[in-house]
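> how would this look folded up:
(chains A and B)
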Amino acid sequence: MRMVSRLVRSLNRTEALVGVWRQGLAVLPRLVWNPWAQVILPPRPPKVLGLQVVFRGNTPSLWLSMSIVTVQLGQCGNQIGFEVFDALLSDSHSSQGLCSMRENEAYQASCKERFFSEEENGVPIARAVLVDMEPKVINQTLSKAAQSGQWKYGQHACFCQKQGSGNNWAYGYSVHGPRHEESIMNIIRKEVEKCDSFSGFFIIMSMAGGTGSGLGAFVTQNLEDQYSNSLKMNQIIWPYGTGEVIVQNYNSILTLSHLYRSSDALLLHENDAIHKICAKLMNIKQISFSDINQVLAHQLGSVFQPTYSAESSFHYRRNPLGDLMEHLVPHPEFKMLSVRNIPHMSENSLAYTTFTWAGLLKHLRQMLISNAKMEEEGFKDPALYTSWLKPVNAFNVWKTQRAFSKYEKSAVLVSNSQFLVKPLDMIVGKAWNMFASKAYIHQYTKFGIEEEDFLDSFTSLEQVVASYCNL
Amino acid sequence: MEEGVVNEILQGPLRDVFDTKQLITDISGSGNNWAVGHKVFGSLYQDQILEKFRKSAEHCDCLQCFFIIHSMGGGTGSGLGTFLLKVLEDEFPEVYRFVTSIYPSGEDDVITSPYNSILAMKELNEHADCVLPIDNQSLFDIISKIDLMVNSGKLGTTVKPKSLVTSSSGALKKRHKKPFDAMNNIVANLLLNLTSSARFEGSLNMDLNEISMNLVPFPQLHHLVSSLTPLYTLTDVNIPPRRLDQMFSDAFSKDHQLLRADPKHSLYLACALMVRGNVQISDLRRNIERLKPSLQFVSWNQEGWKTSLCSVPPVGHSHSLLALANNTCVKPTFMELKERFMRLYKKKAHLHHYLQVEGMEESCFTEAVSSLSALIQEYDQLDATKNMPVQDLPRLSIAM
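Residues are numbered from 1 along each chain as shown, chains lettered A, B, ... in the order given. Prediction:
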């Protein structure tokens, strides 16, 4: 029986890990099952608790899942969003599910309900809102989706301007935000109304640019105000350490500090890390952004595709966002999540590789901790978790029978841990150095972001770093 | 302010491109006199010019920036051109002003060019968002080098005989070759590459407002040294990685800069790489990693790179690179200009031509020089920090 497990684990000290395993028909060795009904976690955001209750109360149909609306912002968000929907749908249509047909149908229906809405001529429409301040990328994204023939974006689901944000967080936040607030929120509302049961928002953006970061922070804040009962998870792209945008450190700290207040969870992906995966594991010689985006989409897909709920093996989990948040964000001070996924390999090696669970788990744990032994029991080591969370509570497993994408078995780990502290610390340090010499500040004050706003951001991020370090 | 050049354009192959209602000409010209261009013609034509700007702007859905192309040494380009900057700043304060200025070289045929240049520089410092200085001598050196390489046959069959960067063989219609054509072609290519990411799609777009945002850390320091590679066209379309890397290295060598400057040995404040063609992010990163150790960046901007990838290469090339650097290597050019100015000013040579124009006084000159001196001093201060070790400043500490 396959099981999807969520591994809660983190290298130094972690809050929670969620690992998702997808496997073919082979019998899985015994895995410990932790029904989350018994979990009693330390103070968590009340709305998640509330959502769980609602979930249980409903009479779930065997197939249906709660829907997630995706908001894609800026060039990065839109390019990635396209790859994510493409990956989700091509996986759900893939013939290598390695499970029974009934199983497959349940899986497909669940995936569809979650991310797509149906149209008359049978072409699913992605539940997504595309926002960008210049037209080129959105046009490209819309036409790529339509060309695939498998799915497309809604006709009125995009909002576009002409002039761009100039990599200026202040411009995205203080100028574009208020100016276009009404139109953007209208489009989002229409998309939400289309959902039978709405779970929450998945917002894809980058931290380094102007639209994704500035407008993204503004939109998230608005969503917090208008949809305070729904969950928001922000997927944020951490830029390369060198060479993308010169003011990326400023844009990043402003984004993170604002999102920490208004978002429920921040799922962070580093360009550097994914670049390494492409180079070392997948052996791609000339790595392009579309390669990077595809790897990212693969990781996200393996987290969000349907998995079994805890009640029984025949019901798919209805509310992945809610479940993720409940287990991974036990305290509002700790919101940064990261994802690790295996396997990643080039098409060529796929045919020659066989998978075993023990091997995968070992690899996963090694990736995660980079020095530990890998066994599920090993994840229970209390030394890995903070003192105020018992391992049995912090560790969770999600499973599903159906294989994901082209991999017969795969596992993914979502963790809330001290991993991201080091990169965060670096970014804050660099931004601080630049701030001390007042470089580029005039570009921000031009549009209403004053030095006090910078200082506020620095303070809140130093607080986050300190809290994580003290775990 | 004289009709010859404009008339020629109107009779040339591009006459249909320009709207005849958008032309302003006069008869006599400015006589290489900044004061005549700025004060006399400025006030005379201000309303007309403003009217034409407004008309053009109305046609645009979304106006992002103005490009001003002129020389610094003459009268109209430098005088009237800089007058226009002020007008644009007042009328369209949110629209960026990019200025491509041709600075006079050492052997210049206009004797009063130092006066004109320095007076114009003061206006540029105050009213332009971004200046791309170019000088004729560098352009000329680049042309001679290309001709030498191509004609000597050193590169064998790998190089096409006519370099597309300098000749107009990629242009729409053929016309007679003129003396400055090759040099002007280089500047034209510079502007093409600058706007390529805004015109074409790519995996990492860069608009013009991003140039100003990323490359101008302080409002005064907005002079960007540019370099363009490759300069010759290769017949082999599949470029091996070695050649690609060569392209990046060339962009930082002093022979490829469009100004007499050596950025490698001066301090970088910021650098932008705009790549066109079939180049991916991994190539870009590899080259940045490779070149970084040999370049000196200012302490608070150690990773001061802005990059952009555009998928459409220029005509006839498979890929190209434009590097824009905000670098203290512009300082020697300015210092030299100041010296030439002082040599003339001390003797008060030719000054009467300027002073007899209404509105001009000696204070204009002294103010202009002091503004330039202040700029040079700022660059000096930055240079002084060049070899100092990078110190991390104490950060905010949180009481737990």
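> Give me the distance from whatever helix or strand B:Ala272 lives in to the chain's centre.
For B:Ala272, the enclosing helix or strand under DSSP states H and E is strand B:267-277. Mean-position distance between strand B:267-277 and its chain equals 14 Å (Cα atoms, centre = their mean, to the nearest Å).
> I'd like to know if the helix or strand just after that strand reaches chain A anywhere along the stretch.
Later in the chain than strand B:267-277, the nearest helix or strand by DSSP H and E is helix B:281-291. Yes - contact of helix B:281-291 with chain A (Cβ under 8 Å from any Cβ of the partner chain) involves B:Ile281, B:Ser282, B:Asp283, B:Leu284, B:Arg285, B:Ile288, B:Glu289. Using the backbone N, CA and C atoms, a C-beta is placed for each residue, glycine as well.
> Can you flag the buried ones in the residues you listed?
B:Ile281, B:Ser282, B:Asp283, B:Leu284, B:Arg285, B:Ile288 (16 or more other Cβ atoms under 10 Å in any protein chain shown).
> quick one: the third one from B:Leu194, how far?
B:Asp283 sits 21 Å away from B:Leu194 when distances are taken as Cβ to Cβ, to the nearest Å.
> Model confidence score at A:Asn371, please.
With respect to pLDDT, A:Asn371 scores 30.
> so how many other residues sit close to the nearest residue to B:Phe66 once chain neighbours are set aside?
Nearest residue to B:Phe66, sequence neighbours excluded (Cβ to Cβ, 6 or more residues apart in numbering or on different chains): B:Arg97, at 5.1 Å. When neighbours are counted by other Cβ atoms under 10 Å in any protein chain shown, B:Arg97 registers 20.
> tell me which element B:Arg97 falls in.
strand B:96-103.
> on that earlier part again, so is the strand holding B:Ala272 next to chain A?
Yes - if you take Cβ under 8 Å from any Cβ as the test, strand B:267-277 does meet chain A, through B:Ala270.
> Let me know the angle separating that strand from helix B:281-291.
Relative orientation of strand B:267-277 versus helix B:281-291 (axes from the mean of the first three to the mean of the last three Cα atoms, to 10 degrees): 150 degrees.
> Give the partner strands of strand B:267-277 in its sheet and their orientations.
strand B:296-297 (parallel), strand B:305-310 (parallel), strand B:319-327 (antiparallel) (DSSP bridges).
> For that strand, the averaged confidence score.
On average, strand B:267-277 scores 90.
> same check, this time on stretch B:302-315
Confidence for stretch B:302-315, expressed as mean pLDDT, is 87.
> who does the helix or strand that contains B:Ser227 touch, helix- and strand-wise?
Using DSSP H and E, B:Ser227 sits within strand B:225-229. Applying 3 or more Cβ pairs under 8 Å, 6 or more residues apart in numbering or on different chains; DSSP states H and E, we find strand B:225-229 packed against strand B:130-135, helix B:181-199, helix B:241-251, strand B:319-327.
> Quick one: those as TSV, columns for mean neighbour count and distance to A:Ser92 too.
Shown next, in TSV, are the helices and strands packed on strand B:225-229 (neighbours: other Cβ atoms under 10 Å in any protein chain shown; distance: least, Cβ to Cβ, whole Å):
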stretch	mean neighbour count	distance to A:Ser92
strand B:130-135	22	49
helix B:181-199	19	36
helix B:241-251	17	39
strand B:319-327	25	38
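> What helix or strand is A:Ser457 located in?
Using DSSP H and E, the element containing A:Ser457 is helix A:451-469.
> Quick check, A:Ser213 in contact with A:Ile203.
No - assessed by Cβ atoms under 8 Å, A:Ser213 is found out of contact with A:Ile203, at 11.6 Å.
> near chain B, which residues of the stretch 1-150 of chain A?
With Cβ under 8 Å from any Cβ as the criterion, the stretch 1-150 of chain A meets chain B at residues A:Gln75, A:Gln79, A:Glu134, A:Lys136, A:Val137, A:Gln140.
> so B:Lys145 sits right up against B:Asp255, yeah?
Yes - the pair formed by B:Lys145 and B:Asp255 meets the contact definition of Cβ under 8 Å, at 6.7 Å.
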